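A.B. asks: no FASTA, just this:
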C-alpha cells in the first residue's frame, strides 16, 4: 500500500446535514407571506401519484413527509432532494381544504451540491390531509404557481411523519435515513420484548457507514435508552447491516461494548474487520471506558485514523460522549499506532492536539477536529 490511508467516519457531518435539512428557512414577515390567489371550491383531484412540474422541470414525488405544520413533497433518493415543494401550513386540519401557507420551492443545481430555495408568494392551493394513521396520513394536493417560479403539482399520496418511505403500504427498509434505522431498531426491540410495554426515551450514537459496495455492505449503529415494563431506563446497542432486502439488525452489543471496537465482519484488505486500524483503536478505547467504569454513561463514540502500512506509522483520533448530570459532553483520546507483522497495534496514547506524521513517525501538533463531537468538546 502506498501513501497514507485515511479512515474516517462522519457522524457529526451527517447529523449536521440532517439537522440543516429539517430547519426552516427564514419566514418572510410581509403580509404577502401567505397570500393565495383565489379561494375557489376545491377541485377534483385525480387518483394519481403526486406529479407535475416544479420550477419548470418535470416532478414526481418519491416521498412526502408531514412533520408538525410542515409538509414536504420530495423528488429524488439523495440526502438533498433533486426538487422539493415545502409548505408551512397556516391552518391545520380539521379544516377540510387547506388553501394558505408559506410555500418554498427548491432544486438541486450542480456543481454546488446544495439546493437553491425560492419563496413563492402567489399561488393557488388546495391541500387535503386525511385522518391520521400510525405512520402518517393520506394527502391530496393541487398546487399552481405561475410566473418565473412556474410550478404545478397535483395528485394523491401518503405523507409519513418520519423520514421514511412506504412501498405497498410497508416501510421501505432500503431507504438510507436515520428514521429508517430508528424504525428497524424499534421493531427489533419490540419483537424481543413482545410481552412487555416498551418506552423509547432517547436514541444515541446514530451513524450510517459507507461505502456500501458489493463486497462491503453498508453498516449502521443505533443506540437507545429505553424502559421495559416500567423498569428504570436501560441501554440497547444495535448494529445494522444493509442487504438486498434492506436494513436489518445484525448484532446486539452488550452494554460494556462500543460499536467501533466490534465492526461487523465484512472484509478489509482480505483481513477480518476487527484488524482495521480504526477497530484496533476502538478496542483500546473500549478497554479504557471499561477500566474507568464509564461505559454506562457512554452515548456515542467515533474513530478517525490516518495510517500508512508502507511506512508503518499512523495515529487515530477517538471521541466518546458521556452523559452527565445535566448534559452530554464530548471527550477526546488519541492513539499512536504501528504496523508490525502485517497487523496494526496501538503503541501508546498521545495528546488530543497531537498526531503522528505518517511518513516519518514523528509526533506533530494539530488542532483537534470537531468531527465526532455532537456536544461541547473537552480536551482530556
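C.D. replies: Sure thing, it's come through. Nothing here was measured: the structure is a model prediction, and the numbers come from that model.
A.B. asks: Would you mind measuring the gap between the ends of stretch 122-136?
C.D. replies: Start-to-end span of stretch 122-136 (Cα to Cα, to the nearest Å) is 28 Å.
A.B. asks: what comes up buried for it?
C.D. replies: Neighbour-count burial for stretch 122-136 flags 123-129, 135-136 (criterion: 16 or more other Cβ atoms under 10 Å). C-betas here are computed from N, CA, C, even on glycine.
A.B. asks: Of these, which pair is most distant in space?
C.D. replies: The largest separation in those, counting by Cβ to Cβ, is between 124 and 135 at 29.6 Å.
A.B. asks: circling back to that earlier point, of the buried residues of stretch 122-136, closest to residue 198?
C.D. replies: Taking Cβ to Cβ as the measure, residue 198 sits nearest to residue 135 out of these, at 17.4 Å.
A.B. asks: Residue 107 versus that closest one, what's the distance?
C.D. replies: The spacing between residue 135 and residue 107, counted by Cβ to Cβ, to the nearest Å, is 28 Å.
A.B. asks: for residue 273, same thing?
C.D. replies: For residue 273, the distance to residue 107 equals 40 Å [Cβ to Cβ].
A.B. asks: Neighbour count for the two, which is higher?
C.D. replies: Neighbours per residue (other Cβ atoms under 10 Å) separate residue 273 from residue 107, with residue 107 holding more: 19 against 16.
A.B. asks: For that one, give me its contacts.
C.D. replies: 54-55, 57, 82-84, 115-116 (Cβ atoms under 8 Å, 6 or more residues apart in numbering).
A.B. asks: Could you give the number of residues near the nearest residue to residue 70 once chain neighbours are set aside?
C.D. replies: Spatial nearest neighbour of residue 70, excluding adjacent residues (Cβ to Cβ, 6 or more residues apart in numbering): residue 88 at 5.3 Å. Neighbour count of residue 88, defined by other Cβ under 10 Å: 17.
A.B. asks: what's in contact with whichever strand or helix holds residue 88?
C.D. replies: Using DSSP states H and E, residue 88 sits in strand 83-89. Residues outside strand 83-89 that contact it (Cβ under 8 Å, 6+ apart) are 24, 27, 54-55, 57, 59, 69-76, 98, 101-108, 115, 125, 127, 143, 151, 153.
A.B. asks: got it, and stretch 167-174?
C.D. replies: For stretch 167-174, contacts defined as Cβ under 8 Å, 6+ apart pick out 135, 164-166, 180, 183-184, 242, 245-248.
A.B. asks: out of these, which are buried?
C.D. replies: 135, 164-166, 180, 183-184, 242, 247.
A.B. asks: Next, give me the two most distant ones among the residues you listed.
C.D. replies: Pairwise distances among the buried ones among the contacts of stretch 167-174 were taken by Cβ to Cβ; the largest, 20.8 Å, belongs to 135 and 242.
A.B. asks: Would you agree residue 201 is in contact with residue 224?
C.D. replies: Yes. Between residue 201 and residue 224 there is a contact under Cβ atoms under 8 Å: 7.4 Å.
A.B. asks: now the contacts of strand 83-89: which count as buried?
C.D. replies: Buried residues within those, counting neighbours by 16+ other Cβ under 10 Å: 54-55, 59, 70-75, 98, 101-108, 115, 125, 127, 143, 151, 153.
A.B. asks: so where's the stretch 1-150 of the chain uncertain?
C.D. replies: 1-43, 91-94, 111-112 (pLDDT under 70).
A.B. asks: What helices and strands are in contact with the one helix or strand residue 345 maps to?
C.D. replies: Secondary-structure element containing residue 345, defined by DSSP H and E: strand 343-350. Counting contacts by 3 or more Cβ pairs under 8 Å, 6 or more residues apart in numbering; DSSP states H and E, strand 343-350 packs against helix 277-291, strand 328-340.
A.B. asks: Return the subset of the buried ones among the contacts of strand 83-89 lying in helices.
C.D. replies: Residues of these located in helices (DSSP state H): none.
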